[in-house]
Structures are given as structure tokens and as C-alpha cells.
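**Student:** next come a sequence and a model predicted from it.
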Amino acid sequence: MLKRNIAIILVLLVTLFIYFPSLSYHFVGDDYVPLAKIATSGNLSQVFAFYYPSMQGASCYFRPLQWVPYMLGYTMGGLPLPPDSAWRAGHFLIFYHMMSLVFHLANVLLVYLIAVFIFKSAVSGALSALIFAVHPVNSEVVCWVTAVGDPAFTFFSFLTLVLFARFYLSESKACAALYYLASLSSFMLALLSKEAALCLPFLIILAAIFIHSTREIPIDKKKLLSWTGYFIIVALYFLLRRALLPQATSPWWELIVKSPDKIFKLSYYLKDLVLPSDLAFLKSFLYYHHLMPLAIIAALICGGLFVYFIIRRARKSPLLAFSLLWVMIGLALPTLGIFAVARRHLYFPLLGYSIFLVALVSFLKKKYLVIPILSLVIAFEIGTSLERNNLYKFSGEIVRDGLFELKAELPQISPGSYVYLVGLPGIIRNTPAFWAMTEEKINFLYKDKNLPVFCLSTVTFTEKGVKESEVSFLDDFTFTQSMQTGLDEAIRVVGEDNQTAVSQWVMDKTAGYQFKILQKDTMGEVAKVIFKLDRQLLAAKQVYIIGFKDGRVKPLRVIKPKG
């Protein structure tokens, strides 16, 4: 028994080696949405309020299972707040992270089972599972608590397919019925984890076609129509979502407009799936010479020709077609939808890529090259994964220490005060630190859900260290922010986009400020900006302007009310 399963056991041990340290990583980015609700109310049920009518429009999520790690973590480990030394020690973090790691390990095991079923080979199955296990896109999924929805929906989706295959191949009607009901139940749990599971009915059809093309089984008309049950579950899911979130909208028009944006997104996904490297020097050259659109189009054309060549050469191999279609169906919603580009969206399609890569290399005439080639790919993936894991560790430490230092410098904030955040360390090479729900971090710190907090800007930087901007006050209510910028170092202004012209005032009346971009670098990144706070709105308020200076998060200026 042990000898037969030694390959997958080794794969799971390698996975643990890479991701076990993530159990001690601190919170970053969106993590502070449920954490702020727990801190301000102390009521676990408040976590789920993130989904209900408090959110508006298309941004209203329905992912109940996504917040289970926070409820589990708070129940088992508590939630110390700065200046409690336990906040820095971080012993409680393991209870928040462990679900992500457990789901990932379970998914690796399911990939192995699926690949063994497809290849009819334990070696090919273990290689596919290893490529899936160590791919660098997993860093975002495993190291970031908020991203738990991706391994959760992927687990239930894989389980749905495994149970569907058992149902389809079962000769006993009673066993087939049990497998089918279990598969439908698992699909519902996948939908409750993340909306991306909506692609699963199409993959069920693909799986049925693949089974018939590779297994000699008699055609059963009832089983051929079994895919309809999954679309019924989709209908029930939308009815439930509509009942719980009546104000939520579904902007389907976004799926067919903004075609250039969709091309950019697809090219990013395919590039990071096949070549998960930042390619900083190439990016700098392409941006500087304004060649990025042409490079993306050329890459997509080359990729399309490659896929066409593979399909033409391997018509007799349904395995390559199955794995490629898996990738494309898995990428359909992230590419066409309104979601921002994120590496975690590649986690589910990664199964198709892992199987495709093993199948493609197996076509080599010189079979002795298979293991060396895959070994190089796996070694590169492990090295890149460890590097990206360290980025999450580094980002978590920045937020952890920043909140701790701010609470030491500013123990209390007067009720009714306004807080403006400027120049906080936001993103380190696509890894969130203070960026994303920045305001919630202040609400979490001071346990005040009614505190008006507005993030004006953050700074992007590299792993070499936090890039510090210069904030100069012209008077209490007017100040500039500037810094030397580069490809990975810039000021990120809330409300600014690539179309915001230099010297054009942009106003946010509800937040009581306006800004104007004064300078952009050659790549269109903000290098200097001026902010003006609304004097009339803030005249009777205490105002805190908090930023990053001398390596610490601290108040840059406190404006007391006049009179």
C-alpha cells in the first residue's frame, strides 16, 4: 500500500515544505474586511453582513463559505489587537490559514486521482499533481486568507467531477444514483464558495465526452442527459442569490464590451500560467517604447498558432484537446467578467495546464528527455513559488508593524474625527500590503466602524524595501506627494486611472477632497500629485493625516477644529 502510493506521498510532502511557513503569515489586503467586523462588534455573525444588503450593485458577493476561515480562526485562536504583543507574535494566525493549506493539499490529491484516471499511469498522475502543487500561482491562493474561496471552490469542483465520473461508470443503479446526488451537492458547495464554479456544467459535458472517447462503455441515454441537473442547480443558485441579495446586479454587458481589456487579461493569464516570471527587464523595455500592445497581440497570435499546431498533430489524442479546453473554459469567466486580473483566477485552470504539459512532453520521440524537461519546469516553479511566498510574508510584516507602530504613536482617535491616509505602502510586486480596503485596517485598529476614513493614495514598491514618498504641506488642507518612480515604484492615487489627464482636478465630494496629477513618468505612472481637503466640511472636525515617514506609519499632521 505504501509502496504503491509513495509518489503522491512525496508530492504532498513537497507541497507541505513549500507552504507550511505560510501558516504564520500576517494579514494583508482584503483580510481586514471581516477582521474589522469582528473587532468592532465581537459578533461572528457580522462577518456574513459583507454579503447582504450592506453591499451595493455588482460588487455584492455571495460567498458564504469564503469567510469560514475567519470564524474558525477567531473561535480557536482569538484576535489580539495592537498594542497587544500577541499581535506581533502571531501564534493565532495558524487557525486562520490552515483551511487554505488543507484545501490545497486535498486539491493536489484530487488532481492526482483525476490524472491517474486520465493517463492510466501513477507516474503521469504524480507528475501532473506535482506541477499543480508547486506552481507559483498558488502563492496567492495559499498565503492570503481572503483567497480561500479559490481552493474551496476548486476542491468542491474537482470532487464534483470525480463523483460524476464514478456515477457515469457505475453499473449499479443504486450506486450511480448516490454518486450523482453527491456530485450535485458538491457542485452547490462549489457555487457557495465562489461564482467561478458556474463554468462547471460545461466541464461536466466535456468530461462526459472525454469518458466516451476513451472508455468503451455502452451509451445510456439517461446518463447522457445527466448534465441538465447541474444547470438546474445553477438556476436554484441564482434564485437563492436573488432572494438574499435583491439589490445585486449582474452586468452581463461587461462580458461583451471592452474587448481590448479582455485581450490584455487573457494574455496576462496565459503568460503567468506558462511562464510565471515577472520579466521586469522585458516589461520595462516594452513600456518605455510603447510596444506592450503589439507584444501582447504577437504573443496571442503565437499562442494561437501553437494550439492549432498541437491540435492538428494530435487529433488522435483527446487528452490534449480535453486539457486545453479545460484551461479555456476555466479562464472564460475571469477573462470576460468584471473581475480585476488576479493570479488566483488561474488556480482552477491549472489542472488542465498540468495535465496538458505532462501529455505534451510525453509526445517527445526521445523519451529519456521527459523527466529532465519536467524536472527543470518543476524546479523553476518551486523557486518562483518560494520567492512569491516571501513577498506575502514581507507584506504581512509591513502591515503588522505599521498598525502596531501607529497604535503606539496614536493610541486613540477622537470620535467624529476625519482620517486621511496618504502614501502608505500599498503593493509589493502585485502582492497586497495596505492596498485594498485600506480604510478597514484603521477601523480594525481603533475598533470604530463609524470612523470616517479615506485612503488618498498608496505607494507601490519592490522587495528591496518600502519606497517612501515625500509629503509636503502647503498649508493644513493642501499638500503634495511626490517620489522618484519606476516600473515597479509609483504613487497609486485612489480614483486615478490611465485616462486621468495631468493638471485635471478630480473631486470626491463625499470624502471631502480633490486631487490633481502634476507629473507622470514615461510609463504613465503617477510621480507627483496635489491634494486639497474641503475646508468648509472639515472646519469643525479634528483631522488626522496619516502616512509613512522615516520607516514608520505615523500621523503626518493633526488639524484641530477651529473655535
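**Tutor:** That came in fine, so what should we check first? Residues are numbered from 1 along each chain as shown.

**Student:** run through who's touching stretch 553-561.
**Tutor:** 402-403, 405-406, 409-410, 422, 424, 471, 473, 476-477, 479, 538-549 (CB atoms under 8 Å, 6 or more residues apart in numbering). For every residue, glycine as well, the C-beta is placed using N, CA and C.

**Student:** and that stretch, which residues are buried?
**Tutor:** 553-554, 556-557, 559 (16 or more other CB atoms under 10 Å).

**Student:** repeat for stretch 350-367
**Tutor:** For stretch 350-367, by 16+ other CB under 10 Å, it's 350-362.

**Student:** domains for this protein, by residue range?
**Tutor:** 6-388, 410-559 (automatic domain parsing).

**Student:** ok so, going back, looking at the buried residues of stretch 553-561, spot the one nearest residue 385.
**Tutor:** residue 553 (29.5 Å; CB to CB).

**Student:** quick one on the thing from earlier: possible to save the domains of the chain as a markdown table with mean pLDDT?
**Tutor:** Converted to a markdown table, these look like this (pLDDT from 0 to 100):
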| stretch | mean pLDDT |
| --- | --- |
| domain 6-388 | 84 |
| domain 410-559 | 89 |
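
**Student:** nearest to residue 394, of the ones you listed?
**Tutor:** Distance to residue 394, taken as CB to CB, is lowest for domain 410-559 among those, at 6.1 Å.

**Student:** the closest one: end-to-end distance?
**Tutor:** 14 Å (CA to CA, to the nearest Å).

**Student:** for stretch 493-507, same thing?
**Tutor:** End to end - CA to CA - stretch 493-507 spans 12 Å.

**Student:** just the residues contacting it, thanks.
**Tutor:** Outside stretch 493-507, the residues that touch it by CB under 8 Å, 6+ apart are 454-457, 508, 513-520, 524, 526, 529.

**Student:** skip the chain neighbours and tell me the closest residue to residue 540.
**Tutor:** residue 561 (5.0 Å; CB to CB, 6 or more residues apart in numbering).

**Student:** now swap in residue 521 and tell me
**Tutor:** Counting by CB to CB, 6+ apart, residue 521 lies nearest to residue 485, which is 4.6 Å off, once chain neighbours are set aside.

**Student:** what's the answer for residue 414, then?
**Tutor:** residue 542 (4.8 Å).

**Student:** surely the one you found meets residue 417?
**Tutor:** Yes - at 4.2 Å, residue 542 counts as touching residue 417 under the criterion of CB atoms under 8 Å.

**Student:** give me the more crowded residue out of the two.
**Tutor:** residue 417 (21 against 16; other CB atoms under 10 Å).

**Student:** next up, phi/psi of the more buried one, please.
**Tutor:** phi -70, psi 160 (degrees, to the nearest 10).

**Student:** residues touching the residue nearest to residue 414, list them.
**Tutor:** Counting by CB under 8 Å, 6+ apart, residue 542 has contacts 414, 416-418, 558-561.

**Student:** and for residue 42, the neighbour number?
**Tutor:** Neighbours around residue 42, by other CB under 10 Å: 11.

**Student:** please read the previous query as pertaining to residue 434.
**Tutor:** Counted with other CB under 10 Å, residue 434 comes out at 26.

**Student:** surely it and residue 441 touch.
**Tutor:** Yes - using CB under 8 Å, residue 434 makes contact with residue 441 at a distance of 6.5 Å.

**Student:** now for those two: what residues contact both?
**Tutor:** Counting by CB under 8 Å, 6+ apart, the residues touching both residue 434 and residue 441 are residue 399.

**Student:** which of the three states applies to the residue nearest to the spatial centre of the chain?
**Tutor:** Residue closest to the average C-alpha location in the chain (CA atoms, centre = their mean): residue 344, at 3.9 Å. Three-state call for residue 344 (DSSP: H, G, I helix; E, B strand; the rest coil): helix.

**Student:** tell me how far it lies from residue 147.
**Tutor:** 5 Å (CB to CB, to the nearest Å).

**Student:** shared neighbours of the two, anything?
**Tutor:** 140-141.

**Student:** quick one, strands of this structure?
**Tutor:** Under the criterion DSSP state E, strands of the chain are mapped to 418-422, 424-428, 431-432, 453-455, 457-461, 470-475, 478-482, 490-493, 505-508, 513-520, 526-533, 543-549, 552-559.

**Student:** quick one, which of the ones you listed is nearest to residue 173?
**Tutor:** Using CB to CB, the nearest of the strands of the chain to residue 173 is strand 431-432, at 50.6 Å.

**Student:** and for that closest one, what's in contact with it?
**Tutor:** 28-30, 140, 144, 388, 391-392, 394-395, 426.

**Student:** from the residues you listed, keep the buried residues only.
**Tutor:** 28-30, 140, 144, 388, 391-392, 394-395, 426.

**Student:** residue 237 touches residue 188, doesn't it?
**Tutor:** Yes - applying CB under 8 Å, one finds residue 237 in contact with residue 188, separated by 7.0 Å.

**Student:** just to revisit the earlier point, which of the contacts of stretch 553-561 are buried, as a ChimeraX select command?
**Tutor:** To isolate the buried members of the contacts of stretch 553-561 in ChimeraX, using 16+ other CB under 10 Å:
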select :402,403,405,406,410,422,424,471,476,477,479,538,541,542,543,544,545,546,547,548
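
**Student:** helices along the stretch 151-300 of the chain, start to end?
**Tutor:** Shown for the stretch 151-300 of the chain, the helices assigned by DSSP state H, counting those that start in this stretch span residues 173-193, 200-214, 221-224, 228-244, 259-274, 280-288, 292-313.

**Student:** okay, the ones you listed in JSON lines with distance to residue 446 next?
**Tutor:** As requested, these are exported to JSON lines (distance: least, CB to CB, whole Å):
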{"stretch": "helix 173-193", "distance to residue 446": "32"}
{"stretch": "helix 200-214", "distance to residue 446": "42"}
{"stretch": "helix 221-224", "distance to residue 446": "59"}
{"stretch": "helix 228-244", "distance to residue 446": "31"}
{"stretch": "helix 259-274", "distance to residue 446": "37"}
{"stretch": "helix 280-288", "distance to residue 446": "38"}
{"stretch": "helix 292-313", "distance to residue 446": "42"}
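
**Student:** nearest to residue 461, of those helices?
**Tutor:** Closest among the helices of the stretch 151-300 of the chain, once you apply CB to CB, is helix 280-288, at 13.5 Å.

**Student:** can you check which helix is longest in the protein?
**Tutor:** If you go by DSSP state H, the chain has its longest helix at helix 370-409.

**Student:** list the buried residues of it.
**Tutor:** 370, 374, 377-378, 381-382, 384-386, 388-407.

**Student:** kindly report the same for stretch 489-507.
**Tutor:** 489-494, 496, 500, 506.

**Student:** count residues in the vicinity of residue 91, would you?
**Tutor:** Residue 91: 11 neighbours (other CB under 10 Å).

**Student:** going forward, the N-terminal residue is numbered 11.
**Tutor:** Right, with 11 as the first residue, what we last looked at is residue 101.

**Student:** could you count how many residues lie near the closest residue to it other than its chain neighbours?
**Tutor:** Spatial nearest neighbour of residue 101, excluding adjacent residues (CB to CB, 6+ apart): residue 87 at 7.4 Å. When neighbours are counted by other CB under 10 Å, residue 87 registers 17.
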